[in-house]
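*Asks:* structure, please.
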Amino acid sequence: MDVLDEARFTELSERHRRELQVHSYRMLGNLEQAEDAVQEALLAAYRHIGQFRRQAQMTTWLTTIVHNCALMQLRKRTRHVYLSLDEPVGGDEEYFVWESFADPRPTPEDEFRHSELTGRLRRYAALLSPAVRRTFHLRVIHGLSICETAQRLGLPRGTVKAQLARARKTIARHIKPGLGARSRRPRRLA
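*Replies:* Have a look, this model is predicted:
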């Protein structure tokens, strides 16, 4: 590059610098990154001024280089996706983003309630006859279906259903005295 071309390049780049920064800023949305892209583009253009074919104006060539430098910066950026926690997402099955952050494991409070309930059910089940107790354990405590319980015990499904009804009735009879001590009506404040 001779001195005349260098001076002309400097004059052109300074004259159009603001326009190039605006173009870069529109792409990047960040002033500092836009200035970096323009600086990088001008440096690349200066290094490769010999490749300028004069088929287009110098400003068009510079704008294209700035555009490409800005694109390169966009590609280098980490991609951040911002989702509202309060708006439903998904296609056919909508859900809230916060639901996917929730821990699916039971809370300590839930585990305590479950162990307390299981303990109480075991104590009440001890009051049942052995045959009804086995049916109750398989169906309620172990979570087997009525068909599975009937197969395990070698009984007809109707018998399993009848034994479960008997077990529930007996357990409910023993639970009700404990519940009767509490008043079901809210107290009035004076």
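*Asks:* ok, now which ones touch residue 21?
*Replies:* Listed by CB atoms under 8 Å, 6 or more residues apart in numbering, the contact set of residue 21 reads 34, 35, 38. (Each C-beta comes from the backbone N, C-alpha and C, glycine too.)
*Asks:* switch the cut-off to 10 Å
*Replies:* 31, 34, 35, 37, 38, 39, 66 (CB atoms under 10 Å, 6 or more residues apart in numbering).
*Asks:* local confidence estimate at the fourth one?
*Replies:* Put plainly, it is residue 37. Looking at residue 37, its pLDDT reads 92.
*Asks:* find the centremost residue of the protein, please.
*Replies:* In the chain, the centroid-proximal residue (CA atoms, centre = their mean) is residue 100; its distance is 4.1 Å.
*Asks:* on that earlier part again, so which of the contacts of residue 21 are in strands?
*Replies:* Counting by DSSP state E, none of the members of the contacts of residue 21 fall within strands.
*Asks:* which other helices and strands does the helix or strand bottoming out on mean pLDDT in the chain contact?
*Replies:* Ranking every helix and strand in the chain by mean pLDDT, DSSP states H and E puts helix 97-101 at the bottom, with a mean of 71. Helices and strands touching helix 97-101, by 3 or more CB pairs under 10 Å, 6 or more residues apart in numbering; DSSP states H and E, are strand 88-89.
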